[in-house]
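Visitor: Prediction below, plus the sequence it came from.
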Amino acid sequence: MVSFNAIKNFMRELFYHCLPIQELMVTLTEWFIKAPTYAKRGRDVSRSSRTARVSLNYYKRVYKPCF
């Protein structure tokens, strides 16, 4: 995957420096072709159920009801 930081740095180069746009676009295109972002197909992950001890700890120490 292409990191967000790499894309951000290229956008900074594009807007703040006078570099040719075509070179930046070619580089970004190569990066996305090599490592496209992916979505996992057919993955339906259910939420894990919490134990009673964890729930009790949450309501005793973390949860602060507001009225």
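Guide: Sure, I can see it.
Visitor: low-scoring stretches of the protein, by residue?
Guide: Counting by pLDDT under 70, the chain shows low-confidence ranges at 1-2, 19, 34-40, 43, 45-46.
Visitor: All the helices of it, residue numbers only.
Guide: 4-16, 21-34, 52-57 (DSSP state H).
Visitor: helices and strands around the second one, which ones?
Guide: Taking 3 or more CB pairs under 8 Å, 6 or more residues apart in numbering; DSSP states H and E as the contact definition, the neighbouring helices and strands of helix 21-34 are helix 4-16. All C-beta spots, glycine's among them, are computed from the backbone N, C-alpha and C.
Visitor: and the helix it packs on with helix 21-34, angle?
Guide: 170 degrees (axes from the mean of the first three to the mean of the last three CA atoms, to 10 degrees).
Visitor: before we move on, back to that, can I get the helices of the chain in a markdown table including mean neighbour count and distance to R41?
Guide: As requested, these are arranged in a markdown table below (neighbours: other CB atoms under 10 Å; distance: least, CB to CB, whole Å):
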| stretch | mean neighbour count | distance to R41 |
| --- | --- | --- |
| helix 4-16 | 11 | 23 |
| helix 21-34 | 11 | 19 |
| helix 52-57 | 10 | 32 |
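Visitor: between those helices, which one is nearest to D44?
Guide: helix 52-57 (23.5 Å; CB to CB).
Visitor: Against I7, how distant is the closest residue to A6 other than its chain neighbours?
Guide: Ranked by CB to CB, 6 or more residues apart in numbering and with sequence neighbours excluded, the top spatial neighbour of A6 is W31, at 7.2 Å. Counting by CB to CB, to the nearest Å, the separation of W31 from I7 is 9 Å.
Visitor: How about S55?
Guide: Per CB to CB, S55 is found 40 Å from I7.
Visitor: same deal with F32?
Guide: Relative to I7, and taking CB to CB, F32 is found at 10 Å.
Visitor: Appreciated, that's everything.
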